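> no sequence on this one, just coordinates:
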């Protein structure tokens, strides 16, 4: 066997190599192709169920943009998605894998609910709402600080730590519902609805959380891109050893960033209980903390782009609810559709950043692109 044949035998049929650069136009063409491909696959699914895919997609768009009520509902879904994405995005930029936004949102909701239930008669409405928001941020920040402290001091695995804290927060709410805060007027373990004074006011038919989350987006963007602390955060994310060599206190940066990250997530909990649900329950977070991870990654951790991605996913979620009633499509199928679209969109990011090199490619081709 010749040396060339032996070399080809040992070389994998296909390898993955990171791209050096790719034009922005080509990147967006890949994303457009991925979105179109996902819609085609989803269309085949609807065809198998006996529905016209174009009619289904048209109905989804109509549910999001066809009327003021539908549009307002889409924005309402996007608000916590964007807020939670800002929270996890800050941590991810530091390479701290915060999978605990769900629990931090719940803890924020718990802290805010205490004042809504027991202090609404003692505080004027503006003071009450400000107090609820600050308390929620403190609750989320403390819940985010716990895994950050252990990571900074003893190098614990933050992924498992933050994930487990989600279940602890969920258990606390279950306990409060069934015992300490259980509504005396109901036989079921639920918490009373908030007094009107503990509910966020509305602006253009939507609770003012949409204004708050846009302000948060701007502040996070400025913090990451313009502040000394944001620069330190980025350096720690690139290399902790380099950060230490540059004189940066890595442990302090980790804990400070997670205080902010958890505080933002906790504030999302306040917006949920005060602006959307008007009470606290197990579904207050509703999976937002996990979906926000997808939002953050699709936006490349850019707070401004997160606005568009969060709204896009809100359109999908709103549309999936609509087609369940219009076309009698099972909720599981609607969830599968969202999963297909998000899978293709994430796959696009792979092909934007990496390329496949087949065995018979020339050396010049391997080094290109």
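Nice, I can see it. Note that the coordinates shown come from a computational prediction; the quantities given were computed from them, not determined experimentally. Numbers count the residues shown, from 1 in each chain.
> who touches the residue nearest the centre of the chain in this structure?
The residue lying closest to the centre of the chain (CA atoms, centre = their mean) is residue 292, at 0.8 Å. Contact analysis of residue 292 by CB atoms under 8 Å, 6 or more residues apart in numbering lists 81, 83, 84, 85, 87, 88, 101. For glycine as for every other residue, the C-beta is placed from the backbone atoms N, C-alpha and C.
> in this protein, which ranges drop under the pLDDT threshold?
For the chain, the stretches flagged by pLDDT under 70 are 1-11, 359-369.
> please, where are all the strands along the stretch 201-350 of the chain?
For the stretch 201-350 of the chain, the strands defined by DSSP state E, counting those that start in this stretch cover 202-203, 206-207.
> residue 190 is nearest to which of the ones you listed?
strand 206-207 (21.4 Å; CB to CB).
> which elements pack onto the closest one?
helix 68-93 (3 or more CB pairs under 8 Å, 6 or more residues apart in numbering; DSSP states H and E).
> buried residues in the helix it packs on?
Buried residues in helix 68-93, counted by 16 or more other CB atoms under 10 Å: 70-93.
> next secondary structure element downstream of that helix?
Per DSSP states H and E, the first helix or strand lying C-terminal to helix 68-93 is helix 101-118.
> and the helix or strand that that next one is followed by, what does it pack onto?
Counting by DSSP H and E, the next helix or strand C-terminal to helix 101-118 is helix 125-154. Packing partners of helix 125-154 (3+ CB pairs under 8 Å, 6+ apart): helix 101-118, helix 158-178, helix 250-271.
> of the ones you listed, which is nearest residue 29?
helix 101-118 (32.2 Å).
> what angle sits between that closest one and helix 125-154?
140 degrees (axes from the mean of the first three to the mean of the last three CA atoms, to 10 degrees).
> okay, the angle between helix 101-118 and helix 68-93?
On the basis of the same axes, to 10 degrees, helix 101-118 is oriented at 120 degrees to helix 68-93.
> do you know how far the closest residue to residue 79 other than its chain neighbours is from residue 276?
Leaving aside its chain neighbours, residue 79 sits nearest to residue 209 (4.8 Å; criterion: CB to CB, 6 or more residues apart in numbering). In this view, residue 209 and residue 276 are 8 Å apart by CB to CB, to the nearest Å.
> and these two? Which one has more around it.
residue 209 (26 against 19; other CB atoms under 10 Å).
> just give the nearest non-adjacent residue to residue 192, would you?
Spatial nearest neighbour of residue 192, chain neighbours left out: residue 183 (4.6 Å); criterion: CB to CB, 6+ apart.
> tell me which of the strands of the stretch 201-350 of the chain sits most buried.
Counting by mean count of other CB atoms under 10 Å, strand 206-207 has the highest mean neighbour count of the strands of the stretch 201-350 of the chain, with a mean of 21.
> from the middle of its chain, how far away would that strand be?
How far strand 206-207 lies from its chain's middle: 20 Å, per CA atoms, centre = their mean, to the nearest Å.
> pull up the pairing partners for that strand, direction included.
When pairs are called by DSSP bridges, strand 206-207 turns out to pair with strand 202-203 (antiparallel).
> which other residues reach the partner strand?
For strand 202-203, contacts defined as CB under 8 Å, 6+ apart pick out 208, 210, 211.
> now that we have those residues, which one has the most neighbours?
The most crowded member of these, judged by other CB under 10 Å, is residue 210 (20 neighbours).
> surely it and residue 75 touch.
Yes: between residue 210 and residue 75 there is a contact under CB atoms under 8 Å: 5.6 Å.
> quick one: the residue nearest to residue 79 from residue 190, how far?
Per CB to CB, residue 209 is found 23 Å from residue 190.
> same thing with residue 170?
Computed with CB to CB, the distance linking residue 170 and residue 190 is 15 Å.
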